[in-house]
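*Asks:* Fold the following.
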Amino acid sequence: MTRPTSSAPSQRMLRVGEQVRAAITQVLQRGEVRDDIIEATVISISEVRMSPDLKIATAYVTPLGVSDHSIVIEALNRHTKFIRGRLGPQLRQMKYMPEVRFRDDTSFDNYKKIDELLRSPEVSRDLDGDSDEK
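*Replies:* As a prediction, the model looks like this:
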């Protein structure tokens, strides 16, 4: 039997990603990571994408109220082994504990660009022209 070649994540990958996201959020909320940068920053984890074998978890984070996100991302990546160890009790049903990688979530910037495009005079002029023709 051949495997589907779709690049879309499976239901299992989505479910496990959400469990890992919740577990990382709890670790950060409880303040278990002892780092001045992480403790002083509110961090939003918007999504965790799992690799097909569920061994790598890529967490997309947005540090709120910080202009330079790279400092917070580097601090989180320095503590990945500690965070991975703290995920164990919450993810004990998994055969392998996933390796966690933190990346900056740029989706909000993309949404902002799309919103600016939709509000631009050129687009609104085109949209107003369509309503006159109907």
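
*Asks:* Just give the nearest non-adjacent residue to A57, would you?
*Replies:* P98 (4.0 Å; CB to CB, 6 or more residues apart in numbering). Backbone N, C-alpha and C define where each C-beta goes, glycine included.

*Asks:* How many neighbouring residues does that neighbour have?
*Replies:* Using other CB atoms under 10 Å, P98 has 22 neighbouring residues.

*Asks:* do the same with R119
*Replies:* Neighbour number of R119 under other CB under 10 Å is 9.

*Asks:* picking that back up, the residue nearest to A57 and G31, how far apart?
*Replies:* Look at P98 and G31: by CB to CB, to the nearest Å, they are 22 Å apart.

*Asks:* Ok, E18 next?
*Replies:* Counting by CB to CB, the gap from E18 to G31 is 23 Å.

*Asks:* The two: who's more crowded?
*Replies:* Taking other CB under 10 Å, E18 and G31 do not tie; E18 has more neighbours (13 against 9).

*Asks:* Need the residues that contact whichever strand or helix holds the more buried one.
*Replies:* Element membership for E18 (DSSP states H and E) is helix 11-29. Outside helix 11-29, the residues within contact range by CB atoms under 8 Å, 6 or more residues apart in numbering are 9, 33, 38, 43, 45, 47-52, 54, 57, 59, 83, 86-87, 90-91, 94, 98, 100.

*Asks:* what bits of the chain have low per-residue confidence?
*Replies:* For the chain, the stretches with pLDDT under 70 are 1-6, 129-134.
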